[in-house]
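In: Provided below are the primary sequence and the corresponding predicted coordinates.
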Amino acid sequence: MKARHSERHVRTHRSVWLAAVILAAAPAPVLCDPSLDFAEPHRTIVFSPDRPDRCDYFFVTEFNLGVTGVKSQDGVDRFLFTDALGLMRNIDRTRAVGVSVDAHLTAGAFRFAPTIRLKQWLAGRSSIDLSLGYATTSIEQEGVAGPIVDVRYSPTTWFHVQAGACRIRNVRSIYYYPTYHVGEDSQVQLHAGVGLGGLPGVISWGAQGIAFVGLMAALSGMN
């Protein structure tokens with residue numbers, strides 16, 4: 001009886017020891033650990049601006065609203081509206097460069113400006129951007145003329161605040177006789193405002209399109 005009891009005790013002890021070894025060697029339930037951060041897959045190109053560890057290229061889709069120092073009886077003339085479409089490339093761990101075509105609207109004048117862009121990534125997805133564009137216009141054309149520079153801070157990929165400077169031309173008169181003469185003045189104006197990027201920027205384009213169609217319909221109904 002004692003031998004059987006001793007053998008049974010040894011078997012129980014071995015079973016407990018083996019179960020302990022198996023439990024110790026078993027992998028931890030990874031999915032149950034909320035503290036783990038799984039990295040997003042790296043992609044060649046993405047829609048919204050993103051860091052170099054997540055993509056190589058990203059699109060620029062922006063809408064900007066700024067206030068200038070233009071003096072006018074019409075308060076709307078003080079606003080500078082800008083839509084931008086372009087492409088940027090992450091060149092190293094903290095910087096991206098690219099180009100865009102920016103459409104500037106102020107004082108009823110619509111101008112295109114090819115633009116060079118530089119982005120410096122900060123913590124998270126925040127960044128500081130520098131853009132330099134140039135609007136080519138004839139002397140008879142009002143609105144943004146010549147270089148336009150902007151510096152913006154983006155706490156997220158879809159919202160930013162910005163400040164910059166540009167030259168805005170105002171045509172006062174045009175004489176064809178006795179000689180052709182354009183009476184105009186252009187001044188460098190500082191501007192500051194806010195803007196949207198990524199998908200919110202594209203949504204704002206749709207809102208602008210709807211507003212433009214509504215305005216054209218209202219004007220046609222007045223004729």
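Out: Received it, and whenever you're ready, just let me know what you need. Fair warning: this is a prediction, and the values are worked out from it, not measured in the lab.

In: per-residue pLDDT, the residue nearest the centre of the chain?
Out: The residue lying closest to the centre of the chain (C-alpha atoms, centre = their mean) is Gly197, at 3.5 Å. As predicted, Gly197 sits at a pLDDT of 94.

In: just checking, next helix/strand downstream of the helix or strand bottoming out on mean pLDDT in the chain?
Out: When the helices and strands of the chain are compared on mean pLDDT, DSSP states H and E, helix 2-25 comes out lowest with a mean of 51. Downstream of helix 2-25, the next assigned helix or strand under DSSP states H and E is strand 43-46.

In: Run through who's touching that next one.
Out: Residues outside strand 43-46 that contact it (C-beta atoms under 8 Å, 6 or more residues apart in numbering) are Arg54, Cys55, Asp56, Tyr57, Phe58, Phe59. (Glycine included, C-beta is placed from N, CA and C.)

In: Mind checking which of those are in strands?
Out: Using DSSP state E, Cys55, Asp56, Tyr57, Phe58, Phe59 are the members of the contacts of strand 43-46 that sit in strands.

In: that older thread, got a list of what the residue nearest to the centre of the chain touches?
Out: Ser48, Pro49, Val60, Thr61, Glu62, Ser154, Thr157, Trp158, Phe159, His160 are the contacts of Gly197 under C-beta under 8 Å, 6+ apart.

In: Looking at the residue nearest to Glu184 when sequence neighbours are not counted now. What's its pLDDT?
Out: In this structure, Glu184 finds its nearest non-sequential neighbour in Val171, 4.6 Å apart by C-beta to C-beta, 6 or more residues apart in numbering. Listed pLDDT for Val171 reads 80.

In: Name the next helix or strand following the helix or strand where Val171 lies along the chain.
Out: Under the criterion of DSSP H and E, Val171 resides in strand 159-175. Following strand 159-175 in sequence order, the next helix or strand is strand 181-196 (DSSP H and E).

In: now Tyr175: how far from Gly108?
Out: According to C-beta to C-beta, to the nearest Å, Tyr175 stands 22 Å off from Gly108.
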